[in-house]
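A.B. asks: kindly return the folded structure for what I paste below:
(chains A and B)
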Amino acid sequence: MSLSVDEPASAEPERTSTIGGSTRFVPGQSNDQITVVNGKVQLGQRLRDLWINRELLGLLTRSELKVKYKNSVLGYLWSMLNPALVLAIYYFVFKIINGRNGQPNFAIWLFAGLLVYNLFNAAAMGATSVVVGKAGIVKKVAFPRELLALSVVGVAMVMFAIQVGVLVLAMLLFGLAPDWTFVAVLPLSLVALIVFTGALSIFLSAINVYLRDTQHLTEVLLMAWFWGTPIVYSFGLVSSHLANKPGLLWLKYLYLCNPLTPIVMTFQRAIYGVSQFTNTTVTPHTITHVLPSWGVGTYAELNGVVLAASIVLFLLALVVFGRLEGNFAEEL
Amino acid sequence: MAVAIEVRDISKQFRLYNEKHTSLKERVIHGGKMPFTPFWALRDVNVDINQGETFGILGRNGCGKSTLLKCIAGIIKPTSGEIRVRGSLAAMLELGAGFQPDLSGRDNIFLNGSLLGLSRAEIEKRFDDIVAFAELEAFIDNQVKFYSSGMYVRLGFAVAVNVEPDVLLVDEVLAVGDAAFQRKCLDHVKKFQREGRTIVVVSHGSDAIRQNCGRAMVMNHGQVITVDDPGEAIRVYMADLLGVGTMEGSESGGVEGNVLAIGTVQAEHGGSGARVHMYPGESLTVTADVDSLAAVPKAMATIAIHDDKNELVFASDPDDPACEMEIPAGGGIVRFFFPEVPLLDGTYSVSVGVRSDTDTAIFDWKDQVTRFEVANPGRATGRVRLPVDVSFRLRSASHSGEVPAVGAGLFPPLAGWEENAS
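C.D. replies: Below you'll find the predicted structure:
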C-alpha cells in the first residue's frame, strides 16, 4: 500500500519532510504531514526544523536562565554585578600597572574585547557538555538536538546583553562616547559572532558525545584562542611587530584568519572610539596605533567575510551533527 | 485503510565494543582502533500500522521492540531502511523525561509540551487541562524536584496525552500512579482509540496488549515473528519464545526400590491434534503410565498444577475417595480428567504423584513433568475465567428513594439483598 495512493486528491501538495533520522512534529499542521525517518542527513530539513522549533529554543534558553538564577536572591542583578566588578578591577589594576603605557581608559578597551570573547567562551564551554548533560532528554525525546547547543548560545547572548548594559553605564559614568559611525557595523559584527559561535557550539556538543575529553581540550584551546585574539594587547602591537619582518608576513594573515579578530577589532573600534592615542606620560609624546586606521567600509567588509565563512561553517556543523546524532541515544 | 506508520526494511546495527574508548586520549593511545562486534538490534523489519489502530509489540527484553519504537519516534536513526509516519507523533518512552528538576511544574509543562511539539499558544490553551489531569493544582508552582515520584509521572503523562498526537507511541509506561490514576490513563487511551488516533504499545506483558490492541506483532532477535490478532500473537509469543512443550530436567521423587513407579505422563486437551494450545473452558486429560511390581490395593493418585511463575494453581484433595484406586501388579494407566479448565492464558505444568492411602509411603511423584498451554482468544484477563452472569433490572419503586445507585456488575446490588431480607 503506498501512501500516495491513499492520499485524497488535494490541491495542496503533500507536505513531506524528510529528516535526517528524526521525527519532528510540525505544530498546527494537519494529518497529511508525513515524516520520514531514515539514515540520511537532509540539510534543508534540518534548517527548516530549527526554524519551526524556534519557540522551543526560546523556552530552552529561558529554562537554562531560570535554573541558573532561581536559587540566588540577587538573580539577574547578580549577573550584572559580576561584570561590573570585573570592569572595576580592570579599571584600577590597569590604572596602576599600565600607567606607563599610557593608554587612556584601558578598562573600556579591554571590556570591549572581553564582551566578544565572553560570549564566545561561555557558549563554547557550555555547549560542549550540553548534549551529554541533557542525556535524559536526548535519549527519550525526539526534537532537533542542535537546539540544546543553540540554547547555550542563547544564554551567552543574555549574559552579553547584561555586560553591554554594564558597559553603557560605565561609559556614561566616565563621560565617554562610542564612535557612532562604527557602531553601525556592530549589528553585522554581532550576527557574525553569533553564527560562528553557534557553528562551533553545535560541532563541539556532538563531538563531546563520542570523545568525552573534548571538554577539557576545549578549555585549553579556548585559553589559547583568548591570547591569540587582540583583547588584552592591541592589533596595532601585532602589526607593528610583524611589519618590519617580511619573512613573517604569513603569520599576519594567519592571525587574521581568526574570525574573532575582526569582530573584536570592530567592537574595540566602535566602543573605544579611536584607533590611536597619544601617550602623554613620556616625553616626547608618542603616538600609538592600537587599531589600523581603516575606514568603516573595510571593517564592514571584514565582518561580512567572517559572516559568510561562519554561515558555511554553521551548515557544515549541522551536517556533522546530523551524522553523529543518529547514535546519541546509544552513546549516552 | 490508510497507513499511519510504514516501516520498510528497517535495520539497526549497534556496535558492541569489547573496550570502549570514550576519550580522545584513549583513542590516541590505542591507535584509534576499537574492536567491536556488530549486533543487529533490528533486522529487515517491515510492518504497516494502520490509522486508528492500536498496535501492540510483544517480545522479550532485548528483542528490539524498544529500538523499533525509538526509530519510529526518530530518537535513533536506523542503519538502513525507511519509516514514514503520517501525522503528528508523540512518544511516551519515559514519563517526564524532559523535566528539569529545578524548574516549577508550570515551567516544565511548557518546556515538555514544547519538546513534544506544541506551540506556546497551544500549551496555554491546554494548561488547565494538564494540571487538572495530573491533579497537581496545589503544587504547580513548586519545583519538580520536590515532587513525589507519583506526582512526577502523573505530570509527565498529563503533558504527553494532552499533546493529542495523531500517533502515540507508548513504552510500558501505563502502569504508573495509583489505581485511580491508572484508570484515568486507561480511559484516556480508550478516548484516543475512539477518536481514531493510532497507538503503538510496546510490552513484554501480554495482558495490556490483549486488552487494548487490535493487532499485535511478536519480535525476537530484532526480527518480526508474526503480526496477528492479539490472542494468536500472544500464543506465538509464549509458545515460540518462552518455550512450551516437553519439560526437561523435571524432578522426580519416590523411594528407591519402590513397588510403583510413574512412567510417561501426558496431557491432552479438548483441542489436541488441531492445535498445541487449549482454549479456556476445554477439557483436559492427564494420563500417567504406572509400573507396578506388586499389586497395590489402595493407592491414592494426586495431581497438581503450577503456573509459569511456579505458583500453585490447583492441587487435588489427597484424601478425596475418588482418588483412591487399586493398581494391579504390572501397573496400568492412571487418568485424570478435568471436564472443564477455566484457566486463562499461560503455560501450566502438571505434577503427578501416587502414594499409599495412609500417607506413609509415597510410591512415586513426578514434579512438573508435563505442560499444557492455554491461549485465550477472548479479551478476559487474569488467571481464571470465572463464569459470570451479568444482568440488569430496575429498582423496585418503594425503595428507589433510599437505595444507593448501584449499576450492574460482578457483585449483586446491595438493594437486592435488602429486599430479600425484608
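
A.B. asks: could I get the phi/psi values of the residue of the stretch 201-332 of chain A at minimum distance from chain B?
C.D. replies: Residue nearest to chain B within the stretch 201-332 of chain A (CB to the nearest CB): residue A:326, separated by 3.1 Å. Quick note: C-beta positions are derived from backbone N, CA and C, even for glycine. For residue A:326, the backbone dihedrals (degrees, to the nearest 10) come out as phi -60, psi -30.

A.B. asks: distance check, it against residue A:121.
C.D. replies: Residue A:326 sits 30 Å away from residue A:121, going by CB to CB, to the nearest Å.

A.B. asks: quick one: which of these two has more around it?
C.D. replies: residue A:326 (25 against 19; other CB atoms under 10 Å in any protein chain shown).

A.B. asks: what's the closest non-adjacent residue to the more buried one?
C.D. replies: Leaving aside its chain neighbours, residue A:326 sits nearest to residue B:77 (3.1 Å; criterion: CB to CB, 6 or more residues apart in numbering or on different chains).

A.B. asks: could I get the average pLDDT for stretch A:112-121?
C.D. replies: Throughout stretch A:112-121, pLDDT has a mean value of 92.

A.B. asks: distance from it to the middle of the chain?
C.D. replies: On the basis of CA atoms, centre = their mean, to the nearest Å, stretch A:112-121 sits 8 Å off its chain's mean C-alpha point.

A.B. asks: keeping just the C-alphas, turn it into PDB.
C.D. replies: Provided in PDB are the C-alpha atoms of stretch A:112-121 (Å, rounded to 0.1, in the frame of the first residue of the first chain):
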ATOM      1  CA  ALA A 112      35.000  45.900  24.500                       C
ATOM      2  CA  GLY A 113      37.100  42.900  23.600                       C
ATOM      3  CA  LEU A 114      36.000  40.800  26.600                       C
ATOM      4  CA  LEU A 115      32.400  41.300  25.600                       C
ATOM      5  CA  VAL A 116      33.000  39.300  22.400                       C
ATOM      6  CA  TYR A 117      35.200  36.700  24.000                       C
ATOM      7  CA  ASN A 118      33.000  36.100  26.900                       C
ATOM      8  CA  LEU A 119      30.000  35.300  24.700                       C
ATOM      9  CA  PHE A 120      32.200  33.000  22.600                       C
ATOM     10  CA  ASN A 121      33.800  31.400  25.600                       C
END
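
A.B. asks: number of nearby residues for the residue nearest to residue A:326?
C.D. replies: 26.

A.B. asks: helix, strand or coil for it?
C.D. replies: Under DSSP: H, G, I helix; E, B strand; the rest coil, the three-state class of residue B:77 is coil.

A.B. asks: surely it meets residue A:38?
C.D. replies: Yes. Using CB atoms under 8 Å, residue B:77 is in contact with residue A:38, at 7.3 Å.

A.B. asks: quick one, phi psi at the closest residue to chain A within the stretch 201-350 of chain B?
C.D. replies: Closest to chain A within the stretch 201-350 of chain B is residue B:202: 13.5 Å, counting by CB to the nearest CB. When read as degrees, to the nearest 10, the backbone of residue B:202 gives phi -110, psi 130.

A.B. asks: pLDDT score assigned to the residue nearest the centre of chain A?
C.D. replies: Nearest to the geometric centre of chain A sits residue A:197, at 3.1 Å (CA atoms, centre = their mean). Looking at residue A:197, its pLDDT is 96.

A.B. asks: what's near enough to touch it?
C.D. replies: Remark: with contacts taken as CB atoms under 8 Å, 6 or more residues apart in numbering or on different chains, residue A:197 is in contact with A:119-120, A:123-124, A:153, A:156.

A.B. asks: could you look up the SS state of the closest residue to chain A within the stretch 251-400 of chain B?
C.D. replies: Using CB to the nearest CB, the single residue of the stretch 251-400 of chain B nearest to chain A is residue B:377, 27.4 Å away. Classification of residue B:377 using three-state DSSP returns coil.
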